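Visitor: no FASTA, just this:
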């Protein structure tokens with residue numbers, strides 16, 4: 001069984017939201033319904049996953065080694 005790669009996004013704006021830091025990477029969780037509505041589910045600074053406007057983030061592609069290192073940090 002192949003493990004799906006982790007997905008990360010870069011926060012490019014937060015509109016004064018305390019749970020997101022601009023220029024920080026966040027782990028994106030799959031949520032097709034949210035994405036259809038223009039939102040992304042990410043694990044924010046609270047450590048929980050929440051929906052945020054897709055416009056707050058830029059999609060990025062990290063090499064597997066970096067994905068694993070970031071995921072190991074929490």
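Guide: Perfect, I can see it now. Note that this is a predicted model, so its numbers are computed, not measured. Residues are numbered from 1 along each chain as shown.
Visitor: Can you show me the helices along this protein?
Guide: Under the criterion DSSP state H, the chain contains helices at 32-36, 64-72.
Visitor: so what does the shortest one touch, helix or strand wise?
Guide: I take that to be helix 32-36. Based on contacts counted as 3 or more C-beta pairs under 8 Å, 6 or more residues apart in numbering; DSSP states H and E, there is no element that helix 32-36 packs against. Quick note: C-beta positions are derived from backbone N, CA and C, even for glycine.
Visitor: and the helix-or-strand element of the chain with minimal mean pLDDT, what other elements does it pack with?
Guide: Least confident helix or strand, the chain: helix 64-72 with a mean of 79, by mean pLDDT, DSSP states H and E. If you count contacts as 3+ C-beta pairs under 8 Å, 6+ apart, helix 64-72 packs onto strand 25-29.
Visitor: what's in contact with the strand it packs on?
Guide: Contact partners of strand 25-29, identified using C-beta atoms under 8 Å, 6 or more residues apart in numbering, comprise 6-11, 20, 40-44, 49, 57, 60, 62, 70-71.
Visitor: Give the rounded mean pLDDT of that strand.
Guide: For strand 25-29, mean pLDDT rounds to 91.
Visitor: Which positions within stretch 21-30 qualify as buried?
Guide: 25, 26, 27, 28 (16 or more other C-beta atoms under 10 Å).
Visitor: Just give me the closest of those residues to residue 36.
Guide: residue 28 (15.0 Å; C-beta to C-beta).
Visitor: Skipping adjacent residues, who's closest to the closest one in space?
Guide: Spatial nearest neighbour of residue 28, chain neighbours left out: residue 7 (4.2 Å); criterion: C-beta to C-beta, 6 or more residues apart in numbering.
Visitor: sorry, back to before: distance to residue 66 for the buried residues of stretch 21-30 - can I get that in CSV?
Guide: Putting the buried residues of stretch 21-30 into CSV (distance: C-beta to C-beta, whole Å) gives the following:
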residue, distance to residue 66
25, 9
26, 14
27, 12
28, 15
